[in-house]
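[1] Pasted the sequence and its predicted model underneath.
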Amino acid sequence: MDIQAVRVGVNGAHGPLLKPTSLLVKKGALTLVTGDPGTGHTALGLVLSGRMNPSTGTVSPDAKTLRREVVLVDAPEVNEPEAALTLAAVVGEELAMCKLPSGRKAVHDWLAERSFDEHARTRFEHVPPSVRCAVMLELGSTRPGVTTLVLDCPDRYHPDPREWLKLAQQHVTEDRSVVALCSNTSASVLDIPAARLGEENAL
């Protein structure tokens with residue numbers, strides 16, 4: 001599924017949360033979107049996933065389709081797991097949301113299959129960055145009917161953007177795209193084409 005955002009902006013009570021931004025998310029591709037902290041990463045993620053209506057501009061397809069097919073991954077203060085939960089508890093909750101087996105054995109098997117079982121009892125805030133990012137992307141891709149993953153600001157906890165970029169690329173398939181929202185600093189390290197928050201002519 002392609003997603004097209006045309007000059008989408010989001011206004012908050014005290015000013016703009018996201019200045020008008022345009023981008024095209026192509027089916028089966030990785031799209032990098034960059035901006036300085038506080039320029040609207042999560043607001044754009046909410047719009048692209050159909051969970052927030054833009055104050056200005058348009059996004060297609062419609063919000064109902066976006067909610068069904070787009071998963072917002074690990075968005076700060078929106079759906080990031082509670083820091084005090086263990087990794088096993090986080091995985092159990094997510095599997096239950098996907099209507100998949102989520103008991104103790106099912107969670108253990110899920111983690112063991114991915115070689116993450118050694119971190120099962122670790123508080124989520126202490127899970128190694130690469131494991132956290134890999135787990136959240138994998139859980140997002142598990143949801144039925146998902147065609148797009150929107151990874152929100154992995155550089156807030158991941159010291160090397162090349163590592164989370166590699167994980168994001170691994171979840172791109174012929175039928176599934178990944179949008180990675182990151183800082184300008186990370187984008188400069190990655191040195192790949194990117195759309196920019198607050199840029200209206202990126203289509």
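    Noted; the coordinates are in hand. It should be emphasised that the depicted structure is a prediction, and the values quoted were computed from it without experimental measurement.
[2] Just give the nearest non-adjacent residue to His158, would you?
    Pro129 (4.2 Å; Cβ to Cβ, 6 or more residues apart in numbering). Every residue, glycine included, has its C-beta placed from N, CA and C.
[3] Also Ala194?
    Leu32 (3.9 Å).
[4] element containing the one you found?
    strand 30-35 (DSSP states H and E).
[5] Next, the contact list for the residue nearest the centre of the chain, please.
    Taking Cα atoms, centre = their mean, the centroid of the chain lies closest to Leu151, which sits 1.9 Å from it. Applying Cβ atoms under 8 Å, 6 or more residues apart in numbering to Leu151 gives the contacts 73-74, 133, 136-137, 164, 168, 178-181.
[6] any low-confidence regions in the protein?
    201-203 (pLDDT under 70).
[7] on that earlier part again, the strand or helix carrying the residue nearest to the centre of the chain pairs with which strands, and in what direction?
    Of the helices and strands defined by DSSP H and E, Leu151 is found in strand 148-152. Here strand 148-152 has these sheet partners by DSSP bridges: strand 70-73 (parallel), strand 177-183 (parallel).
[8] ok, residues contacting the last one?
    The set of residues that contact strand 177-183 without belonging to it, under Cβ under 8 Å, 6+ apart, is 1, 3, 25-37, 41-42, 44-45, 48, 137, 147-155, 161, 164-165, 168-169, 171-172, 190.
[9] returning to what we had before: is it correct that the residue nearest to His158 is in contact with Pro161?
    No - assessed by Cβ atoms under 8 Å, Pro129 is found out of contact with Pro161, at 10.8 Å.
[10] neighbour count winner among the two?
    Pro161 (20 against 17; other Cβ atoms under 10 Å).
[11] one step back: could you give the angle of the strand holding Leu32 to strand 148-152?
    For strand 30-35 against strand 148-152, the angle by axes from the mean of the first three to the mean of the last three Cα atoms, to 10 degrees is 30 degrees.
[12] Kindly export strand 30-35 (C-alpha atoms) in PDB.
    The C-alpha atoms that make up strand 30-35 are tabulated as PDB, following Å, rounded to 0.1, in the frame of the first residue of the first chain:
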ATOM      1  CA  LEU A  30      12.000   2.000   3.300                       C
ATOM      2  CA  THR A  31      11.200   5.700   3.800                       C
ATOM      3  CA  LEU A  32      13.400   7.800   6.100                       C
ATOM      4  CA  VAL A  33      11.900  11.000   7.600                       C
ATOM      5  CA  THR A  34      14.100  13.400   9.500                       C
ATOM      6  CA  GLY A  35      13.800  16.400  11.700                       C
END
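[13] In terms of secondary structure, what does the following helix or strand past it contact?
    Using DSSP H and E, the helix or strand that directly follows strand 30-35 along the chain is helix 41-48. Judged by 3 or more Cβ pairs under 8 Å, 6 or more residues apart in numbering; DSSP states H and E, the packing partners of helix 41-48 are strand 3-12, strand 15-25, strand 30-35, strand 70-73, strand 148-152, strand 177-183.
[14] Could you pull up the residues touching Pro81?
    Contacts of Pro81 (Cβ under 8 Å, 6+ apart): 74, 90, 93, 124.
[15] thought the second one was touching Phe124?
    Yes - Val90 is within contact range of Phe124, at 5.5 Å (criterion: Cβ under 8 Å).
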